[in-house]
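Enquirer: Here is my input; please provide its structure:
(one chain, ligands or ions: 1)
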Amino acid sequence: MEKNFVYADNAATTRISDKVLEAMLPWLKEQYGNPSSIYSLGMEAAKAVLNARRLTAEALGASRAAEVFFTAGGSEADNMAVKGAAQLGAKSGRRHIITTNVEHHAVLHTCEYLETRGFEVTYLPVDDKGLMTADQVEKALREDTALVTVMAVNNEIGTVMPIADIGKLCRERGVLFHTDAVQAIGQLEINVQKMDIDMLSLSGHKLHAPKGVGALYVRSGIDLPSLIHGGAQERGKRAGTENVAAIVGLGEAVTAAVTDIAPRNERIKAMRQRLAEGIVSAIPHSRINGDMAQRVSGNVNVSFRGVEGESLLLALDIRGIAASSGSACTSGSIDPSHVLTALGLSAELAKGSLRLTLGDHNTDEDVDYILEVLPETVKRLRRMSPMWQRICKEEGITDYTLE
Ligand SMILES: *Cc1c(COP(=O)(O)O)cnc(C)c1O
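Expert: Model (predicted):
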């Protein structure tokens, strides 16, 4: 091979699958009708959107297609759920929201915004592995709690939250429960009815569909207010002419994602285990972040002492490896990841973190290549790092010398 390229950042975005692209193409070319038009060209587009809605509902275990609302992505779905539930709650004097301190910014920053609008938010802490329990939610519930929103899978460390337990609890107490399942679809078996989920967000580009499309499941009977006002699309909950091609792609991708979850993940998990074990055994003073058991298959998150994450990413990019340090959405900001600091990591270890996320398109050769490149790269960066030299001096580290 001329030049290696290994894409190991599937939690940031995924490649569109050939099948999804093929399903989309007619709707970008000859089938360009507006689903609101009454002639055939429009009605065919409306039918395609309805079919995608059915497929998405089915994939989530929802009873009705009408419970699925298409959005322009995961962030919009999160905003629609959290702001909508807050508005609904406020009507009956409920102005309290419960969430965790490791949510995606689409939920976290929405909650912070609501605090400036007279809502009170409880941010539940996670333990040093990134885990939390339904018990914590139970203790935080109040008479005036309008919403509990807890992500299904964390995007940085891949940890799995007990959403079925939290759903059961919320259903018993009559409190709305939303979950950001953007990183969970295709990774875990999700069934909104069995898991007592009232609202669920998903995003196309995390599961081999295009960017800029997503969906919010809303259990029927919940009359969520609209964020985007205008036409009557999405049954008046989300105005704007439907992104037909992307919606068709999403329906296709969600269906593929929930098919054969177990065997697909078994293959990915085997690669992940070899990668994680290979890294910590080849690189001294490294540690895995997050829980290794309660974790989705493709995620490795590891911190290296004395290494700057940004420099590591640049060095890996030169060798053709695409990875991330913390969340892709926060790169450009120099703050350490809020998730890693929530686990109790120092700013140094949080900034020295590397997230590798494997997916359907990765191979054993990809793992071999990362294991070949990463140890020598970390060693080289440490050799040039005043931070590493200071650490060695202060802590008397001699087993990993700078020669
Ligand atoms: C990517 C992501 C989002 C945002 O989805 P977009 O479609 O990029 O807006 C929300 N939550 C989680 C957990 C994510 O990983």
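
Enquirer: Grab the nearest non-local neighbour of the residue of the chain found nearest the ligand.
Expert: Nearest residue of the chain to the ligand, counting by C-beta to the nearest ligand atom: G74, 2.4 Å away. Placement of C-beta: from N, CA and C, glycine included. Nearest residue to G74 in three dimensions, chain neighbours excluded: S203, at 3.2 Å (C-beta to C-beta, 6 or more residues apart in numbering).

Enquirer: what's that neighbour in contact with, if anything?
Expert: Under the criterion of C-beta atoms under 8 Å, 6 or more residues apart in numbering, the neighbours of S203 are 73-75, 77, 182, 213-214.

Enquirer: what do you get if the cut-off is 10 Å, keeping everything else the same?
Expert: When contacts are counted by C-beta atoms under 10 Å, 6 or more residues apart in numbering, S203 touches 13, 71-78, 104, 106, 180-183, 185, 209, 211-215, 250.

Enquirer: Give me the buried subset of these.
Expert: The neighbour count (16 or more other C-beta atoms under 10 Å) marks 13, 71-78, 104, 106, 180-183, 185, 209, 213-215, 250 as buried among those.

Enquirer: Just list whatever residues bridge to the residue nearest to G74.
Expert: For S203, the beta-bridge partners are G214 (DSSP bridges).

Enquirer: so how far is I197 from V102?
Expert: Per C-beta to C-beta, to the nearest Å, V102 is found 19 Å from I197.

Enquirer: again, but for L108
Expert: Between L108 and I197 the computed distance is 20 Å (C-beta to C-beta).

Enquirer: Counting neighbours around each, name which of the two comes out higher.
Expert: Applying other C-beta atoms under 10 Å to L108 and I197 shows that I197 carries more neighbours, namely 26 against 21.

Enquirer: Checking that one next. Helix, strand or coil?
Expert: Under DSSP: H, G, I helix; E, B strand; the rest coil, the three-state class of I197 is coil.

Enquirer: Quick one: residues contacting the residue most central in space within the chain.
Expert: Nearest to the geometric centre of the chain sits Q183, at 3.5 Å (C-alpha atoms, centre = their mean). If a contact means C-beta under 10 Å, 6+ apart, then Q183 has 10-11, 74, 104, 151-156, 158-160, 202-203, 206-207, 296, 298-299, 357 as its contacts.

Enquirer: Please apply the same query to E30.
Expert: Remark: with contacts taken as C-beta under 10 Å, 6+ apart, E30 is in contact with L41.

Enquirer: Check which helix or strand it maps to.
Expert: Taking DSSP states H and E as the criterion, no element holds E30; it sits outside all helices and strands.

Enquirer: pLDDT below threshold where in the stretch 301-403 of the chain?
Expert: Applying pLDDT under 70 to the stretch 301-403 of the chain flags residues 326-334, 399-403.

Enquirer: Which residue ranges of it form strands?
Expert: With DSSP state E, counting those that start in this stretch applied, the stretch 301-403 of the chain shows strands at 321-322, 353-357, listed in chain order.

Enquirer: Quick one: name the residues of this protein near the ligand.
Expert: Taking C-beta under 6 Å from any ligand atom as the test, the list of the chain residues beside the ligand reads 73-75, 78, 104, 106, 151, 155, 180, 182-183, 203, 205-206, 214.

Enquirer: Next, give me the two most distant ones among the residues you listed.
Expert: Checked with C-beta to C-beta, the residues of the chain next to the ligand reach their widest spread between M151 and H205, with 17.0 Å between them.

Enquirer: Any buried residues in stretch 91-102, and which?
Expert: Along stretch 91-102, the positions that meet the burial threshold by neighbour count (16+ other C-beta under 10 Å) are 94-100, 102.

Enquirer: May I see those organised as TSV, with pLDDT and secondary structure added?
Expert: Output for the buried residues of stretch 91-102, formatted as TSV (pLDDT from 0 to 100; DSSP: H, G, I helix; E, B strand; the rest coil):
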residue	pLDDT	secondary structure
R94	98	coil
R95	98	coil
H96	98	strand
I97	98	strand
I98	98	strand
T99	98	strand
T100	98	strand
V102	98	coil
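
Enquirer: low pLDDT regions in the chain?
Expert: In the prediction, the chain carries residues with pLDDT under 70 at positions 1-3, 326-334, 399-403.

Enquirer: Quick one: the helices in it, in order.
Expert: When assigned using DSSP state H, the helices of the chain occupy the ranges 18-28, 40-60, 74-91, 105-115, 134-140, 163-173, 244-257, 261-282, 309-318, 338-342, 347-351, 364-383, 386-395.

Enquirer: Out of the ones you listed, which is the most enclosed?
Expert: With neighbours defined by mean count of other C-beta atoms under 10 Å, none of the helices of the chain is more surrounded on average than helix 244-257, at a mean of 26.

Enquirer: Would you mind pulling up the elements that that helix packs against?
Expert: Secondary-structure packing of helix 244-257 (3 or more C-beta pairs under 10 Å, 6 or more residues apart in numbering; DSSP states H and E): helix 18-28, helix 40-60, strand 68-71, strand 199-203, strand 214-218.

Enquirer: closest one to I190 among those?
Expert: Set against I190 and scored by C-beta to C-beta, the helices and strands packed on helix 244-257 come closest in helix 40-60, at 6.2 Å.

Enquirer: Grab the CA positions of the closest one and hand them over as CSV.
Expert: This file holds the C-alpha atoms of helix 40-60, laid out as CSV (Å, rounded to 0.1, in the frame of the first residue of the first chain):
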residue,chain,number,x,y,z
SER,A,40,-47.2,12.5,-8.2
LEU,A,41,-43.6,13.7,-8.1
GLY,A,42,-44.4,15.3,-4.7
MET,A,43,-46.4,12.4,-3.4
GLU,A,44,-43.7,10.0,-4.2
ALA,A,45,-41.3,12.0,-2.0
ALA,A,46,-43.9,12.1,0.8
LYS,A,47,-44.2,8.3,0.5
ALA,A,48,-40.4,7.9,0.8
VAL,A,49,-40.4,10.1,3.9
LEU,A,50,-43.2,8.0,5.4
ASN,A,51,-41.3,4.8,4.6
ALA,A,52,-38.2,6.2,6.4
ARG,A,53,-40.3,7.2,9.3
ARG,A,54,-41.7,3.6,9.5
LEU,A,55,-38.3,2.1,9.3
THR,A,56,-36.9,4.4,12.0
ALA,A,57,-39.9,3.7,14.3
GLU,A,58,-39.5,-0.1,13.8
ALA,A,59,-35.8,0.1,14.5
LEU,A,60,-36.5,1.7,17.8
